[in-house]
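**Student:** show me the folded form of this:
(chains A and B)
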There are 2 protein chains.
Amino acid sequence: MQPESYRYETVRQSVLEQIESGGLKPGDKAPSLRRLAQRMRVSLSTVLLAYGQLESEGVLEARPKSGYFVRARQKRLPLPRVKSCPDEFPETLNRARLIGKLLENMARRDLVPLGVARTDEALLPLAQLNRMLAQTLRDEGERTGYYGPVPGLESLRVQIASHCLDAGIECGPSGVVVTNGAMEALHVALRSVTRPGDTVAIASPTYYCFLQLLENLGLRVIEVPSRPGEGVRPADLALITERFRVAACVLTPNFNNPDGALTPDPAKAEIVEILARTGTPLIEDDVYGDLHHGPERPRCCKSYDREGLVLHCSSFSKSLSPGYRVGWLMPGRFLDKALEIKATVSVATATPTQMAVAEFLRQGLMHRHLKRLRPALKSMMDNMLGLIERHFPPGTRATRPSGGTVCWVELPGGGDGVEFMRLAMDAGISAAPGALFSSQGCFRRFVRLSAGVRQGPELEAAVKTLGRIAWELSDAGHETPASEPWENDPIAMPEALLKDS
Amino acid sequence: MQPESYRYETVRQSVLEQIESGGLKPGDKAPSLRRLAQRMRVSLSTVLLAYGQLESEGVLEARPKSGYFVRARQKRLPLPRVKSCPDEFPETLNRARLIGKLLENMARRDLVPLGVARTDEALLPLAQLNRMLAQTLRDEGERTGYYGPVPGLESLRVQIASHCLDAGIECGPSGVVVTNGAMEALHVALRSVTRPGDTVAIASPTYYCFLQLLENLGLRVIEVPSRPGEGVRPADLALITERFRVAACVLTPNFNNPDGALTPDPAKAEIVEILARTGTPLIEDDVYGDLHHGPERPRCCKSYDREGLVLHCSSFSKSLSPGYRVGWLMPGRFLDKALEIKATVSVATATPTQMAVAEFLRQGLMHRHLKRLRPALKSMMDNMLGLIERHFPPGTRATRPSGGTVCWVELPGGGDGVEFMRLAMDAGISAAPGALFSSQGCFRRFVRLSAGVRQGPELEAAVKTLGRIAWELSDAGHETPASEPWENDPIAMPEALLKDS
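**Tutor:** Numbers count the residues shown, from 1 in each chain, chains lettered A, B, ... in the order given. From the prediction side, this is the model:
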């Protein structure tokens, strides 16, 4: 008997062939799950997996209570496939060195910074923040140089607690720990709930610095697919936590970096409930939550947390200033442990920057700022996707995030993200290769591009250059079907991780 | 045959008895090593250990090429014994909670802060620093809000490299990583050279946050005695690294926290050489190096490092401002790994505070400031020791550090550091209990008191109160001889850690 992944791929291919041959036309109803399962002698769940995949690829569309239908051929860039290249992380790629390169680029001003998940500084209220800091220096005098308490300044924790009400989080100031950005929050959170050798479930793709952190802490990783339209599915997580010993789960439910996927609020509630069943802590990264493009602030998993199992991490690095390094952690029931860890990794966060951010929030400047920032980010995202559509070869796919600043681009057949990055760097443009966003080197054909950069002809020229590079790398420049099977289903994990092993 | 520690103690007691009975008078030459070894049927090295101990207790004094002599009975507080209470860390002491309490006190302004290793803020150039920061905001504008590079701002790294020339360190700016204080430097350094389960050699006593960090990282600890007059002996380290698998060594050669011990420069060179033999990395904490009371800046181990094996950690928290959180790491040959770790624990250090400190150094204000600070700290230390002598019961012992801001006090028989801390807190005074400074709960009779606090009648009243508490806790208030044997010799380590096991 074929392994699950091949059976599943066989079903998917057969549907694709029917569509290509014209047997199934846009608007047609696809064969019912039951009928196809019988015809192809596979299980119902295999057909369900294949249809789910075709749905996330934009080929089929599910209509409640009616079944699956063939979608009209999209004019816009199609969505990327969920996974493209399952493999061990290739030896030839030195991940640490690649990440080092990307981080070096972060502070360089001579590159078009499409490789950095950064908001164009022109959109940030840096001048206002500086005024707050200058005012703080006058008002607080020498107190700006005193040790702050380990959890952070009370004045800032009050403001953070109040700021988080917008995300549905009700957490008093005493539940807040101020950190050196969200990265420290995540580090402290992970150290609070895991030990080396533990297994952590993460979305795939996931921000490369998170993967690097997990590796450096000696943690093992189970990747759970993040689907463009919906993020990580509660059912996938349920499967994982029921079958494996998972010490914690790390998710970015609002505009996952790099694919920008948004987990719908009801799914968040479900995820929190599923994890609560096994008492599994959820580390939630919400750095992009405030940067929704639409009118509604999406909620956070933390807002559904009744058990104190959600450790909520965020920062002002994407919305106010990356250089101030002010973030926070709401560690729930793990507060004592988190404070203990924070004290031994940096004692406390710098006092002057905490004071300035607290004052910025206290004066109510945040709401006004975000109100201006969001539509700007939306139009930048639209612009970036339009440019990619215009300049990249056919067969290119891309996510269409409704928040945040990055989009996730799948190059057509032949494309290789690392090669793409190298050529882009030669042309003075940074870009983040997809392979970095998976512990197993999936997504080799992907690149993450930042949409949050300065607009104008320089940007258009840069994307044009990237398009030319993508053309050069692609197999003859036309769309090729996925050549790799969609292996690496989370169910097919190493036996060693099974709960009953 | 008795274990080494008992034989050694027997020799020590016999010398003490001769002195008490008047058989040996102040100024007399003690029996030669060889004669005593023959008479007591012990090895030469046992007598040497006993004499060394009596020397560090201030009972004997070694005169080059002449042997050991009985010292005149000191008017001043005698030096503490090297170790007092070897034991597993007592279950009844919740170390994490005690440390949490101490760190809470750090930022409290309503206590007389004798429990915090802090320099009185009145002595710090906080107003000047604030002016530098305000000027930075004007000069740099919005750039203060940008991401800094992972290793830190070039302008600051240049200044740090130049500042460290005083300590004998020649290291270019590219060898410097700016950190959130020395604690982050130490954390990054440890993570760069160890893995969970490794064994690390540390001085005993050692700063409690270091111990907490080691425990949280899953590292095992071998304690090497720090001796009041000399710090950790090279010979002790040689023994340890020859016999045990030691992944790294953590030392504070300049004014060790809590005992203020200074390792002489030639011993530093020897230590570096000994560790280089086995390729063992040395993590050197130098936060107090700039705060020498005498005219000469002691050198650092890093200044003798030819192999890149010394990871040098320091900060401006004790000399400029604790609240700015600006420290640094010179990781030697471990630079790449250190940058990788730094990126995953906090990405980068805050930009505005880096800029302000760089400007402070660039304007040459540091030398002028330290020139004023050092004699002030010396007179504060003298004052504190004088107050302890005046108000604490007979039998109290204390170190007499020639740098830094803390002194290490051994209470007379019956005294218990944790009980002492509790009673002191009730009286509005913080103090750090000795048991926290050892992974094995040694030093239960010790307390660490900060001398770097505001001078005046409030301080005198506080020390008077502490003296009363020490009287209350002591057995009838008179000196009792050490009741515990000096066990826990580093040579008697668990078999599991032996190299050939």
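**Student:** by contact count, what packs against whichever helix or strand A:Ala343 is part of?
**Tutor:** For A:Ala343, the host element (DSSP states H and E) is helix A:335-345. The contact analysis (3 or more Cβ pairs under 8 Å, 6 or more residues apart in numbering or on different chains; DSSP states H and E) places helix A:335-345 against strand A:177-179, helix A:181-193, helix B:95-106, helix B:181-193, helix B:208-216. Where you see a C-beta, it was placed from the backbone N, CA and C, and this is true even at glycine.
**Student:** out of these, nearest to B:Ser450?
**Tutor:** For the helices and strands packed on helix A:335-345, proximity to B:Ser450 was assessed by Cβ to Cβ; helix B:95-106 is nearest, at 10.9 Å.
**Student:** what strands line up against the helix or strand following that closest one, and which way round?
**Tutor:** Downstream of helix B:95-106, the first helix or strand assigned by DSSP H and E is strand B:112-113. Paired neighbours of strand B:112-113 in the sheet (DSSP bridges): strand B:429-430 (parallel).
**Student:** which residues are contacting the helix holding A:Ala343?
**Tutor:** For helix A:335-345, contacts defined as Cβ atoms under 8 Å, 6 or more residues apart in numbering or on different chains pick out A:150-151, A:175, A:177, A:179, A:184, A:187-189, A:191-193, A:311, A:329, A:331, A:348, B:96, B:99-100, B:103, B:183-184, B:187, B:209, B:212-213, B:216, B:345.
**Student:** hang on, the earlier thing: nearest to A:Gln53, of the helices and strands packed on helix A:335-345?
**Tutor:** Comparing the helices and strands packed on helix A:335-345 under Cβ to Cβ, the one sitting nearest is helix A:181-193, at 29.9 Å.
**Student:** what comes up buried for stretch A:336-355?
**Tutor:** For stretch A:336-355, the neighbour count (16 or more other Cβ atoms under 10 Å in any protein chain shown) marks A:337-355 as buried.
**Student:** so where's the stretch 401-501 of chain A uncertain?
**Tutor:** Flagging of the stretch 401-501 of chain A using pLDDT under 70 yields the residue ranges A:476-501.
**Student:** so which residues of it form strands?
**Tutor:** Under the criterion DSSP state E, counting those that start in this stretch, strands of the stretch 401-501 of chain A are mapped to A:406-410, A:429-430, A:432-433, A:446-450.
**Student:** okay, those strands in CSV with mean neighbour count next?
**Tutor:** Shown next, in CSV, are the strands of the stretch 401-501 of chain A (neighbours: other Cβ atoms under 10 Å in any protein chain shown):
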stretch, mean neighbour count
strand A:406-410, 26
strand A:429-430, 22
strand A:432-433, 28
strand A:446-450, 28
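**Student:** ok, now how distant is A:Arg220 from chain B?
**Tutor:** Relative to chain B, A:Arg220 is positioned 14 Å away (Cβ to the nearest Cβ, to the nearest Å).
**Student:** residues contacting that residue?
**Tutor:** Neighbour list for A:Arg220: A:Gly197, A:Asp198, A:Thr199, A:Val200, A:Leu497 [criterion: Cβ under 8 Å, 6+ apart].
**Student:** anything in whichever helix in chain A runs longest near chain B?
**Tutor:** For chain A, the helix that runs over the most residues, judged by DSSP state H, is helix A:365-391. No: residues of helix A:365-391 contacting chain B under Cβ under 8 Å from any Cβ of the partner chain: none, with a closest distance of 12.9 Å.
**Student:** let me see the mean pLDDT of that helix.
**Tutor:** For helix A:365-391, mean pLDDT rounds to 95.
**Student:** so what are the sheet partners of the helix or strand following it and their directions?
**Tutor:** Counting by DSSP H and E, the element after helix A:365-391 in chain order, helix or strand, is strand A:397-398. Partner strands for strand A:397-398, per DSSP bridges, with pairing direction: strand A:406-410 (antiparallel).
**Student:** just want the angle from the strand it pairs with to strand A:446-450.
**Tutor:** Put simply, strand A:406-410 runs at 150 degrees to strand A:446-450, going by axes from the mean of the first three to the mean of the last three Cα atoms, to 10 degrees.
**Student:** just want the angle from strand A:406-410 to helix A:365-391.
**Tutor:** Interaxial angle, strand A:406-410 versus helix A:365-391 (the same axes, to 10 degrees): 20 degrees.
**Student:** now name the helix or strand holding A:Ile202.
**Tutor:** With DSSP H and E as the criterion, A:Ile202 is inside strand A:199-204.
**Student:** what is the mean pLDDT for that strand?
**Tutor:** 94.
**Student:** for stretch A:290-310, same thing?
**Tutor:** For stretch A:290-310, the per-residue pLDDT averages 96.
**Student:** how about that stretch, which residues are buried there?
**Tutor:** For stretch A:290-310, by 16+ other Cβ under 10 Å, it's A:290-293, A:297-305, A:308-310.
**Student:** what's the answer for stretch A:353-366, then?
**Tutor:** A:Thr353, A:Gln354, A:Met355, A:Ala356, A:Val357, A:Ala358, A:Glu359, A:Phe360, A:Leu361, A:Leu365, A:Met366.
**Student:** for stretch A:395-402, same thing?
**Tutor:** Quick answer for stretch A:395-402 (16+ other Cβ under 10 Å): A:Gly395, A:Thr396, A:Arg397, A:Ala398, A:Thr399, A:Pro401, A:Ser402.
**Student:** again with stretch A:268-283
**Tutor:** A:Lys268, A:Ala269, A:Glu270, A:Ile271, A:Val272, A:Ile274, A:Leu275, A:Ala276, A:Thr280, A:Pro281, A:Leu282, A:Ile283.
**Student:** hey, C-alpha coordinates of that stretch in PDB?
**Tutor:** Taking C-alpha atoms only, stretch A:268-283 is exported to PDB below (Å, rounded to 0.1, in the frame of the first residue of the first chain):
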ATOM      1  CA  LYS A 268      -8.200  30.800  17.800                       C
ATOM      2  CA  ALA A 269     -10.700  30.000  20.500                       C
ATOM      3  CA  GLU A 270     -10.700  26.400  19.300                       C
ATOM      4  CA  ILE A 271      -6.900  26.200  19.400                       C
ATOM      5  CA  VAL A 272      -6.800  27.500  23.000                       C
ATOM      6  CA  GLU A 273      -9.400  24.900  24.000                       C
ATOM      7  CA  ILE A 274      -7.600  22.000  22.300                       C
ATOM      8  CA  LEU A 275      -4.300  22.900  23.900                       C
ATOM      9  CA  ALA A 276      -6.000  23.300  27.300                       C
ATOM     10  CA  ARG A 277      -7.200  19.700  27.100                       C
ATOM     11  CA  THR A 278      -3.700  18.400  27.300                       C
ATOM     12  CA  GLY A 279      -2.400  21.400  29.400                       C
ATOM     13  CA  THR A 280      -0.100  22.400  26.600                       C
ATOM     14  CA  PRO A 281       1.200  26.000  26.900                       C
ATOM     15  CA  LEU A 282       0.700  28.100  23.800                       C
ATOM     16  CA  ILE A 283       3.300  30.800  23.100                       C
END
